[in-house]
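Novice: Sequence and predicted structure are below.
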Amino acid sequence: MTSPNSIILYVKDPAESERFYKDILGRDAAFSSPNFVAFPLDGGFTLGLWRRSNVEPQPSAIGNRGEIAFMVPGDNAVARQYDDWRKRGLPIAQDLVDLDFGPTFVVLDPDGHRLRVCEPDK
């Protein structure tokens, strides 16, 4: 059986995106080149940042067609993360709100990719 093990985002400037994700992930990239950056994630996943102009084959559409979710456990953990990222000046696309699945908010990375923070599924 084959299981996915990587998320790849198409970005304008891999170096700028590397700085952004290094800050919010709290870890260094495992690989960094002018056209591609890779961050190891927990659970064996990798986040790849690929220079949009070098993607082959070229994508037909970009941005805001999905989200990367960060599930943070603990009492008020989502609110604490919201306060931290807001203080860092990350662009907020959705302020902290309580939806069907609990408290959540959305920030944008330098390319407009949506990053949602919420509680773990129960």
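Specialist: It's in. Residues are numbered from 1 along each chain as shown.
Novice: State the mean pLDDT of stretch 72-84.
Specialist: Stretch 72-84 shows a mean pLDDT of 95.
Novice: Show me the strands in the chain, by range?
Specialist: 6-11, 31-32, 36-40, 46-51, 67-71, 92-99, 102-108, 114-118 (DSSP state E).
Novice: would TSV of the ones you listed with mean neighbour count be doable?
Specialist: Placement of C-beta: from N, CA and C, glycine included. Converted to TSV, the strands of the chain look like this (neighbours: other C-beta atoms under 10 Å):
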stretch	mean neighbour count
strand 6-11	18
strand 31-32	13
strand 36-40	19
strand 46-51	19
strand 67-71	14
strand 92-99	12
strand 102-108	18
strand 114-118	19
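Novice: Could you dump the ones you listed into TSV and include distance to residue 17?
Specialist: Shown next, in TSV, are the strands of the chain (distance: least, C-beta to C-beta, whole Å):
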stretch	distance to residue 17
strand 6-11	4
strand 31-32	11
strand 36-40	7
strand 46-51	5
strand 67-71	12
strand 92-99	17
strand 102-108	12
strand 114-118	12
